[in-house]
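**Student:** I would like the atomic coordinates for the input below:
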Amino acid sequence: MLASQRRSVILDLVEEAGAVKVSELVERLGVSDMTIRRDIERLSSDGLLERVHGGALALGGAHSSEEPGFSAKSLLQLSQKQAIAQAAAARVMPGSAIGISAGTTTYELARAVKDVPQLTVVTNSVPVAQLLHESGAPGQTVVLTGGVRTPSDALVGPVAVAALRSLHVDLLFLGAHGVDAMTGLTTPNLVESETNRALVGSARHTCVLVDSSKWGTVGLSTFADLSEIDLFITDNGLPERARAALSDAVGSLEIVEV
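**Tutor:** So this is what the prediction gives:
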């Protein structure tokens, strides 16, 4: 395959899926990692896609009602998400019951706590449940809510809400599409917003895990006010004005260095 043909295939795949990983392209096209990275760099310099760590994203910003897929979001701010997840994992004790909402930062938390023994995890995230089922420590229990699956691999809707109303966790780890001083935590999906409210209602304490790029993003529906958050963990890319606003609004703010 000529380089131009290969780049055309890469662009088609990115536009179809919203994002692709370098490893997926290597396997699909049968060329080296370095070749794929050069192709992505060329397509990026031509203004045809966005190059990110580990892959590429389709161009175009999301509107308040648009919901990116799990694969697309998982490529963004990965080092920040991993640092945030490690800081949050330090608060998870063996034998406790925790909630993990759907999302790519919360998925990194699931990676960080998979070796914690005797842990009970309530989640509406299909990837989180699958990860812990396949590689969780002996004695871990995973409770998957059920519900209708969204593009972000969240299970939402009346079935999920009904399940959560009968459950109680010590600590909920919650992600968000966007965070803003006025609108609080938001999502583009109205049904997911209702399910996230049920998650918050099931928890004694709520910890939000979001990277600094989410600040100022406003989705269609608010599912939690900042005053409802006991602990907010983000990275040091957060602007000073945002830090001041969060410090005043949430129970505690933790900034991790990346």
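
**Student:** the residue most distant from the middle of this structure, which is it?
**Tutor:** Largest separation from the mean C-alpha position in the chain: residue 2, at 36.4 Å (C-alpha atoms, centre = their mean).

**Student:** OK, contacts around it?
**Tutor:** Under the criterion of C-beta atoms under 8 Å, 6 or more residues apart in numbering, residue 2 has no neighbours. Just so you know, the C-beta spots here come from the backbone N, C-alpha and C atoms, and that holds for glycine as well.

**Student:** same check, this time on residue 43
**Tutor:** Under the criterion of C-beta under 8 Å, 6+ apart, the neighbours of residue 43 are 7, 10, 11, 49, 51, 56.

**Student:** 6 Å instead, please
**Tutor:** Residues in contact with residue 43 (C-beta atoms under 6 Å, 6 or more residues apart in numbering) are 7, 49.

**Student:** Equivalent analysis for residue 53, please.
**Tutor:** residue 78.

**Student:** so residue 135 makes contact with residue 114?
**Tutor:** Yes - counting by C-beta atoms under 6 Å, residue 114 is a contact partner of residue 135 at 5.5 Å.

**Student:** Between the two, which has more neighbouring residues?
**Tutor:** Neighbour totals were compared for residue 135 and residue 114, and residue 114 leads with 18 against 12 (other C-beta atoms under 10 Å).

**Student:** Backbone dihedrals for the nearest residue to the more buried one once chain neighbours are set aside, both of them.
**Tutor:** Take residue 114 and drop its neighbours on the chain: the residue closest to it by C-beta to C-beta, 6 or more residues apart in numbering is residue 136, 5.1 Å away. Taking degrees, to the nearest 10, you get phi -70, psi 160 for the backbone angles of residue 136.

**Student:** separation between residue 136 and residue 149?
**Tutor:** 21 Å (C-beta to C-beta, to the nearest Å).

**Student:** Those two: which is more packed in?
**Tutor:** residue 136 (20 against 13).

**Student:** Next one: the residue nearest to residue 114 from residue 102, what distance?
**Tutor:** According to C-beta to C-beta, residue 136 stands 17 Å off from residue 102.

**Student:** now residue 149
**Tutor:** In terms of C-beta to C-beta, residue 149 sits 10 Å off from residue 102.

**Student:** mind checking pLDDT for the residue lying closest to residue 21 once chain neighbours are set aside?
**Tutor:** Leaving out its chain neighbours, the residue that sits closest to residue 21 by C-beta to C-beta, 6+ apart is residue 55, at 4.2 Å. We have a pLDDT of 83 for residue 55.

**Student:** and if you look at residue 177?
**Tutor:** 89.

**Student:** for it, what are its contacts?
**Tutor:** 186, 187, 188, 219.

**Student:** export those residues to TSV and tack on pLDDT and secondary structure?
**Tutor:** Formatted as TSV, these follow (pLDDT from 0 to 100; DSSP: H, G, I helix; E, B strand; the rest coil):
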residue	pLDDT	secondary structure
186	93	strand
187	90	strand
188	84	coil
219	85	coil
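
**Student:** Tell me the first helix or strand C-terminal of the worst-scoring helix or strand of the chain on mean pLDDT.
**Tutor:** Lowest on mean pLDDT, DSSP states H and E among the helices and strands of the chain sits helix 70-74, with a mean of 58. Downstream of helix 70-74, the first helix or strand assigned by DSSP states H and E is helix 78-89.
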